[in-house]
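**Q** fold the following for me, if possible:
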Amino acid sequence: MFSYCADPDTLSGLTWLSCYLTTGKHMAFYVSFGTVLLLLAITAPTALLFGFGGAAAARARFFPLRWVGKAYISVVRGVPDIAFFLFFVIALDQGFEWLRHKVKCPDWDQPIRQGSDFVVCDAAKLPLGNAAQWVHETYGFFLAVLTFAIVFGAFAANVLFGAMRAVPHAQLETAEAYGMTQRQTFWRILVPQMWVYALPGLSNLWMVLIKATPLLFLLGVEDIVYWARELGGTKTPRFTDYPHGDWRMWYFLVLLIFYLAFTRVSEVVLDRVMKKLTHGQATAGGEAQRKAA
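**A** As a prediction, the model looks like this:
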């Protein structure tokens, strides 16, 4: 990056370090922090959407819909995260390719399952074999986001389901007595008040989601854990212009500081949101604010 980095053998001290920290792989390492933040920015609202849908379905009066909602919450929460991530990404990928195969290759006369292999026509592969590298990376990231959203959506659904049940039932009966329909009662009375009860659980879920982002490494996405292990490992002069010993401890220390700082910022923001939501509410938080005033 710098002009004096042309010959690494002549460098030492801070000049060597400045060149080392600005190599192409280190730039990819810095970008991977943005990948983690982007994952959180997309996954959090998507998981909340899955959770809201699951909670609403779990309390529906229509039995098949209620069964689907409760099954989604129970099944996904009952499977270890790592096992679900490793299985579901493969299942999603093969499911998408199977659907494309049925549409694009209706004349295919060979079995898709050939022993342990999953074989579809070239036109049905995702991404296509001649697609650019960024397409492959975007597709992998999309599968990761969808998997994260489904897993954490089940936990969010459980939290929201409990929050809906925590809203005083008398208020719902009063709304119905005033002539509100079930839909109006749900959207105007239940949903606005449930967030006060749901936020503590959703706050904990957000923290767990932050700590789960290293699972991107298992899904084949080049995240900060991947690059920390790749860059921190021992490098010899034969394979790099900047040889060094095992520096993984220092790279993972950077990740430790990053996660601690990010969770601290999250705690401050969530605490302010909680104070705003509980203001004037008949909850423990609202009662504490009244006593303080």
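
**Q** tell me where the stretch 1-150 of the chain has helices.
**A** In the stretch 1-150 of the chain, the helices defined using DSSP state H, counting those that start in this stretch lie at 13-20, 24-58, 63-78, 81-104, 133-166.

**Q** just the ones you listed: most buried one?
**A** When these are scored by mean count of other Cβ atoms under 10 Å, the highest mean neighbour count falls to helix 133-166 (a mean of 20). C-beta here means a position set from N, CA and C on the backbone, and glycine is covered the same way.

**Q** ok, residue 102 to residue 116 distance?
**A** Using Cβ to Cβ, to the nearest Å, residue 102 is found at 21 Å from residue 116.

**Q** hmm, residue 141 and residue 221 touching each other?
**A** Yes - under the criterion of Cβ atoms under 8 Å, residue 221 makes contact with residue 141 at 5.9 Å.

**Q** which stretches of this protein aren't confidently modelled?
**A** The model of the chain has pLDDT under 70 over residues 1-2, 11, 129, 238-239, 279-293.

**Q** mind checking how far the nearest residue to residue 65 once chain neighbours are set aside is from residue 149?
**A** Residue nearest to residue 65 in three dimensions, not counting chain neighbours: residue 57, with 5.1 Å by Cβ to Cβ, 6 or more residues apart in numbering. Distance of residue 57 to residue 149, computed by Cβ to Cβ: 16 Å.

**Q** sorry, back to before: show me whatever sits in contact with both of residue 221 and residue 141.
**A** Counting by Cβ atoms under 8 Å, 6 or more residues apart in numbering, the contacts common to residue 221 and residue 141 are residue 35.

**Q** now do the buried residues in stretch 167-181.
**A** Using 16 or more other Cβ atoms under 10 Å as the test for burial, stretch 167-181 gives 167, 172, 175, 180.

**Q** isn't the third one up against residue 191?
**A** No - counting by Cβ under 8 Å, residue 191 is not a contact partner of residue 175; they are 12.0 Å apart.

**Q** which residues touch residue 209?
**A** 40, 43-44, 47, 148, 152.

**Q** in a markdown table, list these along with distance to residue 137.
**A** Conversion of these to a markdown table gives the following (distance: Cβ to Cβ, whole Å):
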| residue | distance to residue 137 |
| --- | --- |
| 40 | 18 |
| 43 | 17 |
| 44 | 21 |
| 47 | 22 |
| 148 | 16 |
| 152 | 22 |
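
**Q** relative to residue 203, which of these is nearest.
**A** residue 44 (11.6 Å; Cβ to Cβ).

**Q** burial check on residue 202, number of neighbours?
**A** 22 (other Cβ atoms under 10 Å).

**Q** go on, the one 3 residues further on?
**A** Other residues within reach of residue 205 by the criterion other Cβ under 10 Å amount to 21.

**Q** let me know the secondary structure of it.
**A** helix (DSSP: H, G, I helix; E, B strand; the rest coil).

**Q** and the gap between the closest residue to it other than its chain neighbours and residue 220?
**A** Once flanking residues are discounted, residue 205 sits nearest to residue 155: 5.4 Å by Cβ to Cβ, 6+ apart. Residue 155 sits 24 Å away from residue 220, taking Cβ to Cβ as the criterion.

**Q** then residue 211?
**A** Distance from residue 211 to residue 220, by Cβ to Cβ: 20 Å.
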